[in-house]
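S.K.: This is a predicted model, with the sequence first.
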Amino acid sequence: MNKKVLKIYDIVHNASNSTEIELKKVLKSIIKKNPNWGWEQISFQDVYACAINSLPVNYQKKDQSVQSKLNIEEVEKVVQAAMHRISLNPIHLPQKK
């Protein structure tokens with residue numbers, strides 16, 4: 001019996017999400033513009049997770065040049081909305097001592 005084996009590593013290892021790459025660039029810029037926002041690690045992770053889940057994915061092979069379907073303004077709006085949402089409803093609250 002001949003079984004065909006799908007090698008997942010070969011597929012996912014050579015794929016990247018250009019939306020995620022663009023989001024990281026925009027986040028770096030917004031962090032620099034808003035240093036007093038309170039970018040502790042948990043808030044950063046919450047904003048990142050909220051933003052990435054609001055953006056469409058765009059997978060491509062790693063050796064291809066990044067061809068994002070989004071413009072920077074769209075990504076910035078999504079990050080600003082994520083910051084607003086997290087500030088109104090913090091997912092992780094600081095521990096009181």
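M.R.: Great, that's in hand. Residues are numbered from 1 along each chain as shown.

S.K.: how about the strands of the chain, start to end?
M.R.: Using DSSP state E, the strands of the chain run over residues 15-17, 59-61.

S.K.: Please identify the deepest-packed of the ones you listed.
M.R.: Ranked by mean neighbour count, the strands of the chain are led by strand 15-17 with a mean of 15 (mean count of other Cβ atoms under 10 Å). C-beta coordinates here come from the backbone N, C-alpha and C atoms, glycine included.

S.K.: for the chain, which spans come out with low pLDDT?
M.R.: For the chain, the stretches with pLDDT under 70 are 1-7, 9-12, 62, 64-68, 91-97.

S.K.: Which stretches in it count as helices?
M.R.: Using DSSP state H, the helices assigned to the chain run over residues 8-13, 18-33, 41-52, 72-88.

S.K.: what helices or strands is the longest one leaning on?
M.R.: Helices and strands touching helix 72-88, as assessed by 3 or more Cβ pairs under 8 Å, 6 or more residues apart in numbering; DSSP states H and E, comprise helix 18-33, helix 41-52.

S.K.: To I8, which of those helices lies closest?
M.R.: Nearest to I8, of all the helices and strands packed on helix 72-88, is helix 18-33, at 19.1 Å by Cβ to Cβ.

S.K.: ok, the closest residue to E76 other than its chain neighbours - contacts?
M.R.: Distances taken as Cβ to Cβ, 6 or more residues apart in numbering place V26 nearest to E76, at 5.6 Å, with adjacent residues excluded. Applying Cβ atoms under 8 Å, 6 or more residues apart in numbering, we find V26 in contact with I72, V75, E76, V79.

S.K.: How about the contacts made by the nearest residue to the last one once chain neighbours are set aside?
M.R.: Read that as V79. In this structure, V79 finds its nearest non-sequential neighbour in A51, 5.0 Å apart by Cβ to Cβ, 6+ apart. The contact partners of A51, taken as Cβ under 8 Å, 6+ apart, are L23, L27, V75, V78, V79, A81, A82.

S.K.: Tell me which of the helices of the chain lies nearest to N58.
M.R.: That would be helix 18-33 among the helices of the chain, by Cβ to Cβ, at 4.6 Å.
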